[in-house]
Structure formats: C-alpha cells, structure tokens
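*Asks:* kindly return the folded structure for what I paste below:
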Amino acid sequence: QVQLVESGGGSVQAGDSLRLSCVASGGTFSSYAMGWFCQAPGKEREAVAAISRSGGSTYYSASVKGRFTISRDNAKNTVLLQMKNLKLEDTAVYYCAAVGPFRYVLATREHEYDYWGQGTQVTVSS
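*Replies:* This next block holds a predicted model:
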C-alpha cells in the first residue's frame, strides 16, 4: 500500500512563493506517475500538474503554467511542486497523487490516480 504525505502548505500573500513536498512510502516510487491536484471550496478537485515516472514529461494546467514547476527525486521518493507568483485563486487544498505501477506514462485526470495524500492547505491573501 502506497502512502503519500504532503507538506509545505501555508498562508502567504499574493505574489509570494511556496514549495509543496510529497513523500511516498510503501512502494517503488519510480514506477508511479505522480500528480498534484487542488480543490477550492465549493469546487471539484482538478489537476494542477503531473510528471512521468522518469520526470521527463510534465503537464501543467493552463492556470498555473509558467508559475508552477513539478519535479521529482526518485532516490528520495519525493515529488515537489514549486509555486511562484501565487494568486488569490490558487487558494485550495493541494493533494499529491500516485498512479498504480506502470499504468500511465502521464496522468492528468483524477480517475487515473490510485493513491492520494491527505492534502495540504494553501491560502493566498491580498
């Protein structure tokens, strides 16, 4: 069973930066495509960024492209989300997710993911 633990959320002002971290345990991390999702109050959970098993391919939603960077360190079982120039609309709970072993090269839809972290809150204020 894969366990994912996120950290790094917090309350910041618009224009600030945050780095979210997700550490995986219980499986072979390098076999999982990974992603970050966010869920704002009253809204559905949506994909923010995704990364392939090797890290060679990435995906970003249109709203974060150019501001967020996803990366992974397979030696440390870690996936990161560097968030820059945060906006009020980035306020949400951010979830780390993993796809089951070798199922997808890059996954961008919620139903493609098999494991989820508990989420970390990001609050951006003016």
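
*Asks:* can we go C-alpha only for contacts and neighbour counts from here?
*Replies:* Will do.

*Asks:* model confidence for V105, exactly?
*Replies:* For V105, the pLDDT comes out at 89.

*Asks:* ok, now which ones touch the residue nearest to it when sequence neighbours are not counted?
*Replies:* What sits nearest to V105 in space, not counting adjacent residues and going by C-alpha to C-alpha, 6 or more residues apart in numbering, is S52, at 5.4 Å. If you count contacts by C-alpha atoms under 8 Å, 6 or more residues apart in numbering, S52 has them with 32-34, 58, 105-107.

*Asks:* among those residues, name the ones in helices.
*Replies:* In this view, the contacts of S52 have no member that belongs to helices under DSSP state H.

*Asks:* if we can go back for a sec, any idea how far the residue nearest to V105 is from A98?
*Replies:* As defined by C-alpha to C-alpha, to the nearest Å, S52 lies at a distance of 10 Å from A98.

*Asks:* shared neighbours of those two, anything?
*Replies:* Listed contacts common to S52 and A98 are 32-34; contacts here mean C-alpha under 8 Å, 6+ apart.

*Asks:* quick one: classify H111 as helix, strand or coil.
*Replies:* When states are read from DSSP: H, G, I helix; E, B strand; the rest coil, the local structure at H111 comes out as helix.

*Asks:* with that, I have no additional questions.
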